[in-house]
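K.L.:
Got a predicted model here, sequence first, then my questions.
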Protein chains: 2
Amino acid sequence: MTEALKSGATIGILGGGQLGRMLSVAASRLGFVTHIYEPGANPPAGQVADRLTTAGYEDAEALAAFAASVDVITYEFENIPTAALDILESHRPIRPGREALRISQDRLTEKNFLQDLGLKTAPFADITDQASLDTALAEIGAPAILKTRRFGYDGKGQARIKTLDDAQQALGDMAGAPALLEGFITFSHEVSVIAARGIKGDVSCYDPGENVHTDGILDTTTVPAKLSAGQRMDAVLLAANILNKLDYVGVMGVELFVTPQGLVVNEIAPRVHNSGHWTQNGCTVDQFEQHIRAVVGWPLGDGQRHSDVVMENLIGDDMDRVPELAKEADCALHLYGKAEVKPGRKMGHVNRVIRSQSK
Amino acid sequence: MTEALKSGATIGILGGGQLGRMLSVAASRLGFVTHIYEPGANPPAGQVADRLTTAGYEDAEALAAFAASVDVITYEFENIPTAALDILESHRPIRPGREALRISQDRLTEKNFLQDLGLKTAPFADITDQASLDTALAEIGAPAILKTRRFGYDGKGQARIKTLDDAQQALGDMAGAPALLEGFITFSHEVSVIAARGIKGDVSCYDPGENVHTDGILDTTTVPAKLSAGQRMDAVLLAANILNKLDYVGVMGVELFVTPQGLVVNEIAPRVHNSGHWTQNGCTVDQFEQHIRAVVGWPLGDGQRHSDVVMENLIGDDMDRVPELAKEADCALHLYGKAEVKPGRKMGHVNRVIRSQSK
């Protein structure tokens, strides 16, 4: 399928969290119907999608039925088991494609891919046992972070290592899971580029946003980011470089550290990204619609930023602030419909729009 | 229920067309769950709502079950049978309230209500038979329009009368339905005010838009409208006057003719309105979210216009233009997911955003 799907076609989305939910809403704005595949009960995306399949990624029958019911498949998270992808792809195209998933599912593969592209990353080493950890620590130095190679997000599957005791403890906690050690680098701040590539290879990037994390979870994204014109251009070009190399179709989040030595790639996510939520109120076509446009083969939309925005995540008890936030002018609320509030759980976000003075 | 509903509550929406669809999406943005009630099969709103009840307005059991499953009830159209409203209201509050429906369901009642408020309307007369039509025509003059008192929209249930022969024909076509005769008035252009009133009586109006109709169907809405500062203030104040008189809760569309003698009220619609679609890309909080905020008892959102917008309806074959429209910069597409294209059918709309020069 290289032709554009017509409005009215069905888009299958793997994952029913808030990203799947906002993708689903964006798809509906263009007249597309969505079908969510999600193992968990009552997913947020289920409330706004036309259809919901509740089944696991090991359920071959459910996967095949899901794939057969849609015209194209996309996803809200990168950790989809390979066997499930094989079944799905035998029925319908998966966008972004398998190569992007293969690389981003494994932190070591991702780092090697980025280095092969000539991009800077934090120093890293493959960890297979205590001996390799000792060697890596000696080379990279402490403090450093031990990370599982697979299935990490929002700071999960990570341990900070300051001493040799920490190292032993952390490796034990990983219980034999493949891991890598990452060195710290000195950076002034973190930015991210939300980049999109269409089916014909056209690339469009949103203006980079500046991210602040608290306890490993994104707290705020501010646009415009503190960047020189040269840094801004570097950021956008290196993102385009990554997307082109992967023959990528869809939206990708590229996290960058700003250092005196230039931009260092922290990680890439082959999907819409929390640091791109500001586009909902800062651009005519937001990252969710941009992703949908790409995966259905439509031309990419206009990604120009029309307003400055500060996006703030609402996490856990932040939900108690909603009645006050609802009164604020130029404050756009986006809540995810999650029934249960838990500490650290992303419940919604708010985009504070800063208008130009002339209006 | 005078307290604010919490994010996560369920909103029942009567009617599953594009207005119900966009209300449903707006509700989901605030974390509310929606349940659509619609007699027709495969309604556009069903694709984006959590639940859909397919049943008629004479089905007392389905109405009661629907009402019991939601926390508050609103609607996308005003012609809901009174008996159905009685059943629904015995279970849950209906917002906007019954008085607004009683008045807007009947063109004669509406005209009398507006005149009692001291507002200008086109000349009109109650028509019960040929004799009353003859008298009215003599008084109002030809051309004039004979309209059914109830169940009209988009130019339906209307006949233009130029001669006495026309009059006889038109009255025959009405088949005894209660009717009124309306005179023409000379106006330079039509504008509409999308006004909102919260549960505590706070009123907020969007900047009036200027409407152009083709064949009785809205074609474009342009903001800002051609209005003097005085006319703009008059428009907003008379709309607030109407909402306050009705103790209204929700969004209302107020259509006005601009004449040398001042503003003349054409009609009111107790719901979100086609001429308010521009707010989706011209304001932080659009008319759909504003309506939801009102009916759940939240504070009204910021209705400030941040950009100029030209909204154009996509009707019937206009859908063929979608691939070209998708390429245009600052052009926001909103498609309704209707399976079948029919002449005169509203399939979607496009908001062309005109940014201020400073950005």
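P.N.:
That came through, no problem.
K.L.:
Excluding its own residues, what touches the longest helix along chain A? List them.
P.N.:
The helix that spans the most residues within chain A, counting by DSSP state H, is helix A:229-245. Outside helix A:229-245, the residues within contact range by CB atoms under 8 Å, 6 or more residues apart in numbering or on different chains are A:113-114, A:117, A:119, A:191, A:193, A:195-197, A:201, A:203, A:205, A:207-208, A:225, A:227, A:248, A:252, A:254, A:256, A:258, A:262-263, A:265, A:268. Quick note: C-beta positions are derived from backbone N, CA and C, even for glycine.
K.L.:
Kindly provide the distance from residue A:229 to chain B.
P.N.:
Residue A:229 sits 17 Å away from chain B, taking CB to the nearest CB, to the nearest Å as the criterion.
K.L.:
if I look at that residue, how far off is residue A:211?
P.N.:
In this structure, residue A:229 lies at 20 Å from residue A:211, with CB to CB, to the nearest Å as the measure.
K.L.:
Tell me which of these two has more neighbours.
P.N.:
Between residue A:229 and residue A:211, counted using other CB atoms under 10 Å in any protein chain shown, the more crowded position is residue A:211 (22 against 7).
K.L.:
Show me the shaky parts of the stretch 251-359 of chain A.
P.N.:
Residues of the stretch 251-359 of chain A meeting the criterion pLDDT under 70: A:356-359.
K.L.:
What residues does it have near chain B?
P.N.:
Taking CB under 8 Å from any CB of the partner chain as the measure of proximity, the stretch 251-359 of chain A contacts chain B at A:281, A:284-285, A:293, A:298-299, A:301-302, A:304, A:306-307, A:319, A:322-323, A:326-339, A:348, A:353, A:355-359.
K.L.:
For chain B, what's the nearest residue on the stretch 201-350 of chain A?
P.N.:
When CB to the nearest CB is the measure, the stretch 201-350 of chain A has its nearest residue to chain B at residue A:335, with 3.2 Å between them.
K.L.:
How many neighbouring residues does that residue have?
P.N.:
Residues near residue A:335, counting by other CB under 10 Å, number 22.
K.L.:
Quick check: it touching residue B:33?
P.N.:
No - with contact defined as CB atoms under 8 Å, residue A:335 does not count as touching residue B:33 (11.2 Å).
K.L.:
From residue A:21, how far off is the residue of the stretch 201-350 of chain A closest to chain B?
P.N.:
As judged by CB to CB, residue A:335 and residue A:21 stand 10 Å apart.
K.L.:
got it, and residue A:276?
P.N.:
Using CB to CB, one gets 15 Å for the distance from residue A:276 to residue A:21.
K.L.:
Equivalent analysis for residue A:271, please.
P.N.:
Computed as CB to CB, the residue A:271 to residue A:21 distance reads 13 Å.
K.L.:
And these two? Which one has more around it.
P.N.:
Each of residue A:271 and residue A:21 has its neighbours counted (other CB under 10 Å); residue A:21 has more, 29 against 26.
K.L.:
The more buried one should be in a helix, yeah?
P.N.:
Yes - according to DSSP: H, G, I helix; E, B strand; the rest coil, the state of residue A:21 is that of a helix.
K.L.:
Show the contacting residues for it.
P.N.:
Taking CB under 8 Å, 6+ apart as the criterion, residue A:21 is in contact with A:43-45, A:47-49, A:336-337, B:28.
K.L.:
can you tell me which residues contact the residue nearest to the residue of the stretch 201-350 of chain A closest to chain B when sequence neighbours are not counted?
P.N.:
The spatial neighbour of residue A:335 that comes closest, neighbours along the chain excluded (CB to CB, 6 or more residues apart in numbering or on different chains), is residue B:31 at 3.2 Å. For residue B:31, the residues meeting the contact criterion (CB under 8 Å, 6+ apart) are A:335-338, A:348, B:7-8.
K.L.:
one more time with 10 Å, if that's ok
P.N.:
Counting by CB atoms under 10 Å, 6 or more residues apart in numbering or on different chains, residue B:31 makes contact with A:44, A:47, A:319, A:322, A:333-339, A:347-348, B:6-9.
K.L.:
so what's the backbone phi/psi at it?
P.N.:
The main-chain torsion angles of residue B:31 are listed as degrees, to the nearest 10 and equal phi 80, psi 10.
K.L.:
Quick check: the residue of the stretch 51-200 of chain A nearest chain B.
P.N.:
Nearest to chain B, among the residues of the stretch 51-200 of chain A, is residue A:51, at 9.1 Å (CB to the nearest CB).
K.L.:
Per-residue pLDDT of the nearest residue in space to that residue that is not next to it in sequence, please?
P.N.:
Leaving out its chain neighbours, the residue that sits closest to residue A:51 by CB to CB, 6+ apart is residue A:35, at 4.2 Å. According to the predicted model, the pLDDT of residue A:35 comes to 98.
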